[in-house]
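**Q** Just a sequence and a predicted model for now, questions to come.
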Amino acid sequence: MSFLNYLPFVLVLVSLYFHQSSSSFTPTDNYLIACGSSQNITYLGQIYVPDSTQSSFDLETQQDSNIIKSNSTVPLPIHQSVRVFTSIFTYKFNIQKQGRHWIRLHFYPIPGHNLTSASFTIVTENFVLLNSYSFKNYKDYKFISKEYLINVTSNTLLLNFIPSNNSLAFINAIDVISVPDELIPDQATGLSPYHPVTGLSELAFETVYRLNMGGPKLTPQNDTLGRIWENDEKYLHVNSSATHVSVNPSFVKYTQDLTPEIAPNWVYATAQTMGEANVADLNFNVTWVLPVDPNFAYFVRVHLCDIVSKSLNTLVFNLYINSDNAYADLDLSSLTGSLDEPVYKDFVTNSTDVSNTLTVSVGPESDADDVNAILNGLEILKISNEARSLDGVNAVEDLVVFPAKKSKKIGVILVAVLGTAAVVILMGLCYCCVVGHGSRKTGDSKPSWFPPHLYGNSVTMTKTTMTASCISLASCNLGRNFSFQEILEATNKFDESLLLGVGGFGRVYKGTMEDGTLVAVKRGNPRSEQGLAEFRTEIEMLSKLRHRHLVSLIGYCDEGSEMILIYEYMANGPLRSHLYGTNLASLSWKQRLEICIGAARGLHYLHTGASQGIIHRDVKTTNILLDENFVAKVADFGLSKTGPALDQTHVSTAVKGSFGYLDPEYFRRQQLTEKSDVYSFGVVLMEILCARPALNPVLPRDQVNIAEWALKWQRNGNLDQIIDGNLVGKVNPASLKKYGETAEKCLAEYGADRLSMGDVLWNLEYVLQLEETSALVEPEDSSMNHIQGIGLGQLGPFDNSVSMVDRDKFKTDNEGEDAATSGVFSQLLHPRGR
């Protein structure tokens, strides 16, 4: 959009700047540091002082640092100099007021000094900000700024820079600024499912997006907290679906509970709306698609202000975040009691299961008199995980080993170390006694993280409760016990190029054993509470399960604190990657039916092969894997649950799974049965037929959910109109008819009306028989007897989403991006649950 479109509004900004600045929030701590500079630098009306002149903070390092100054033009004044280190160095800031603080880090690798080869880690006392961050994909004449929000709970703040081996670290400028503690509350609304999320005050945040909808970029001069607000247009899914509106910022009516510190009035004075958008069909949503790291949860704040209505209660719309209707029938004036009064809403969510994106949409309420929706501003902040990290799964103590200082404190440190060592030794002796006692009773030993047997009365032994007897790994039928050295050799010391996926449990790597066998190596992360729970569940399940259509466990490693399971490697990766989002060859209809039958056999075995049966609870196309012969195998038992006993109808349990596949009855009643898996499998059947995601929020509202959308076509007798374009003219109508009926019965609203998995399996085998029989009896030119369907065409931003598979075999459009979903395990998207 041309700058001229924003010119009237910009003039208003300038006229109001001085009036606004007089009432600005004044931070108690306000460090603006120009690293390596010898003089003050003015940037955006703020003065950055050299890091060598301040008395209220210290710079501590084991070796002298280098200072590089640019002799050419730099992007910003704060990039004129840079401080470079080859050993650990620390900036220590004196904090006058404990509480939330901005930490802003500014990087610009000045050309000609090989700074783009830098790789380093940055941590505070409690949080990991960057982990092995590198500039290998850096492009000339661009700079990088990172903004964090940390709750400082002591009188000092330490910023530790740790260069990677044989590398260096550098920094151009640092901001440490106190902000009002109420900026981020302790509680927000969690989505998937809806629940209160508390304890946010104890977490760290990284700003990922801060958008001014429908307005120009706002600089720190326009914000009382020095924030930058980016224009939103490049994130709009379809630019023509929205139109921007604006009013004079002075019209915005702040209240005692909502001040300019939440967002400047210039944010609330502009918006994107549906009204007068260049779209013929008004049944649509305005959608923003934002790439994110899939391994974290996100704090989402939406800023809203009704600047378009002429009277109260006329603007009613829905707010969607990913696949969730985050706020239905949202009437802004009913929340505020007036027009032009701002309001904001906070949510916690994950990236979508379909791709590494987070989507936010607004759309009209179906019965609203005025078909319109509005969004003024949007903030998305990454939330630290269980390891208190904003980059990876390692905690501070895993990354930092500070060398001892040569000072008078060394004696104190030595005493502390010796004292700690004595305590550790004493605890170790106690541990050995307890484990030895248990070993004499059982004849076996096991690591402290190992769970109880699935069908037994053993008590879980953990690192904090070491009084229970143990069960050895060997007795649990987990296959061969590999040494950690063998695992290191198989994965080339966990080479990142072999990474298949990352989740809350840890990481999954492709490995090659000494005999050439390809394996998938799942290395558990003991610091992840949710990941560890799923890890334990998977061990419990796999110790009892063996079936051709379930992913096989080859062995394990329990050396030291390592939690490693080794599985067969599935050469063709997840089913989803063969349906959409990649350039892989399309599966034939017969191949798809054989895959459906294989997965159904695996699930049928789960439901009937044990005394109480097992409910998978996370059936989806990323958890159906294909071997080199395209034989389907069900994977990822981290959420699996033992089924109800003979005298029970269900298992009462918290809702877990993946949205788009969740049984609605289970979601409403929190009562889990085998029929919950049947519903999820019904979604998979439609996904296989239509070659589109289970959820796609960027589509019109009636098409977002494939189950609802496909059922409508099936019930109207027109399922042939929405099949994968690659199947058009290649599917026998009788085969498709029976397939559609089977999927429809799987997707029944109530579990009692659904088929059993055994019946589903029988029906699918019959569908395949119909297809094979038709192939034998039909004439050579049988196009008139086949479906003349309509292909779905492009799937918008989800075309490039792909579950992570072997990087050597499969290429995607997002080659440079990290793995999102394992080829063997589904992605754990939320640090405390899916």
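**A** Now that the structure is in, tell me what you want to look at.
**Q** so P196 sits in a strand?
**A** Yes: using DSSP: H, G, I helix; E, B strand; the rest coil, the secondary structure at P196 is a strand.
**Q** Not counting sequence-adjacent ones, nearest residue to it?
**A** Distance criterion Cβ to Cβ, 6 or more residues apart in numbering; nearest residue to P196, sequence neighbours excluded, is Q187 at 5.7 Å. Heads up, the C-betas are built off the backbone N, CA and C, glycines and all.
**Q** which residues touch that neighbour?
**A** With contact set as Cβ atoms under 8 Å, 6 or more residues apart in numbering, Q187 has these partners: P196, V197, T198, L200.
**Q** Of the residues you listed, keep whichever come out buried.
**A** If you count burial by 16 or more other Cβ atoms under 10 Å, the buried members of the contacts of Q187 come out as V197, L200.
**Q** Include distance to F637 when you put the contacts of Q187 into TSV, please.
**A** As requested, those are arranged in TSV below (distance: Cβ to Cβ, whole Å):
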residue	distance to F637
P196	29
V197	27
T198	30
L200	32
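**Q** List just the nearest of the contacts of Q187 to E772.
**A** Nearest to E772 out of the contacts of Q187 is V197 (Cβ to Cβ; 51.7 Å).
**Q** Please, which helix or strand holds the residue nearest in space to the middle of the chain?
**A** Centroid-nearest residue in the chain: P294, 2.6 Å away (criterion: Cα atoms, centre = their mean). Assigned by DSSP states H and E, P294 belongs to neither a helix nor a strand.
**Q** is it true that it touches L358?
**A** No: P294 is beyond contact range of L358, at 9.3 Å (criterion: Cβ atoms under 8 Å).
**Q** got any residues that touch both of those two?
**A** Common neighbours of P294 and L358 are listed as N350, S351 (criterion: Cβ under 8 Å, 6+ apart).
**Q** Just give me how far the host helix or strand of Q591 sits from the chain centre.
**A** In this assignment (DSSP H and E), Q591 forms part of helix 589-608. Averaging C-alpha positions (Cα atoms, centre = their mean, to the nearest Å) puts helix 589-608 29 Å from its chain's average.
**Q** Past it, which element shows up next along the chain?
**A** strand 614-615.
**Q** re the thing from before, check which residues of the helix holding Q591 are buried.
**A** 589, 592-607.
**Q** same thing with stretch 631-641?
**A** Going by neighbour count (16+ other Cβ under 10 Å), the buried part of stretch 631-641 is A632, K633, V634, A635, D636, F637, G638, L639, S640, K641.
**Q** and which of these is nearest to S561?
**A** For the buried residues of stretch 631-641, the minimum distance to S561 (Cβ to Cβ) is 20.0 Å, reached by G638.
**Q** Let me know whether that closest one touches R617 as I believe.
**A** No: G638 lies out of contact with R617 (Cβ under 8 Å); the separation is 9.1 Å.
**Q** Give me the neighbour count for the residue nearest to K633 when sequence neighbours are not counted.
**A** Nearest residue to K633, sequence neighbours excluded (Cβ to Cβ, 6+ apart): V551, at 4.8 Å. Number of residues near V551 (other Cβ atoms under 10 Å) recorded here: 24.
**Q** Isn't V551 up against D627?
**A** No: counting by Cβ under 8 Å, V551 stays clear of D627, with 9.3 Å between them.
**Q** Common neighbours of these two, please.
**A** Counting by Cβ under 8 Å, 6+ apart, the residues touching both V551 and D627 are E568, M570, K633.
**Q** Now secondary structure, distance to H237 and pLDDT too, for the residues you listed, in CSV please.
**A** Shown next, in CSV, are those (DSSP: H, G, I helix; E, B strand; the rest coil; distance: Cβ to Cβ, whole Å; pLDDT from 0 to 100):
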residue, secondary structure, distance to H237, pLDDT
E568, strand, 39, 91
M570, coil, 33, 92
K633, strand, 35, 96
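**Q** mind listing what the closest residue to L761 other than its chain neighbours touches?
**A** Closest residue in space to L761, ignoring its immediate chain neighbours: A600 at 4.2 Å, by Cβ to Cβ, 6+ apart. By Cβ under 8 Å, 6+ apart, the contact set of A600 is F681, M757, V760, L761, L764.
**Q** Spell out which helix or strand contains the last one, please.
**A** L764 is part of helix 757-777 when elements are defined by DSSP H and E.
**Q** Just the buried residues of that helix, please?
**A** M757, D759, V760, L761, W762, N763, L764, V767, L768, L770, E771, S774.
**Q** the inter-axis angle of that helix versus helix 589-608?
**A** Inter-element angle recorded for helix 757-777 and helix 589-608: 160 degrees (by axes from the mean of the first three to the mean of the last three Cα atoms, to 10 degrees).
**Q** Check which helices and strands helix 757-777 sits against.
**A** The contact analysis (3 or more Cβ pairs under 8 Å, 6 or more residues apart in numbering; DSSP states H and E) places helix 757-777 against helix 589-608, helix 674-690, helix 733-746.
**Q** ok, the residue lying closest to L518 once chain neighbours are set aside to R480 distance?
**A** Using Cβ to Cβ, 6+ apart and skipping residues adjacent in sequence, the residue nearest L518 is Y569, 3.9 Å away. Remark: distance between Y569 and R480 (Cβ to Cβ, to the nearest Å) = 15 Å.
**Q** who's more crowded, the two?
**A** Neighbour count, other Cβ under 10 Å: between Y569 and R480, Y569 has more, with 24 against 13.
**Q** how far away is the more buried one from D636?
**A** From Y569 to D636 the distance is 15 Å (Cβ to Cβ).
**Q** again, but for P111
**A** Distance, P111 to D636, using Cβ to Cβ: 46 Å.
**Q** now the residue lying closest to R480 once chain neighbours are set aside: how far from K737?
**A** Sequence neighbours aside, G555 is the residue nearest to R480 in space, at 3.7 Å (criterion: Cβ to Cβ, 6+ apart). From G555 across to K737, the span is 46 Å (Cβ to Cβ).
**Q** Check Q612 too.
**A** On the measure of Cβ to Cβ, Q612 and K737 end up 36 Å apart.
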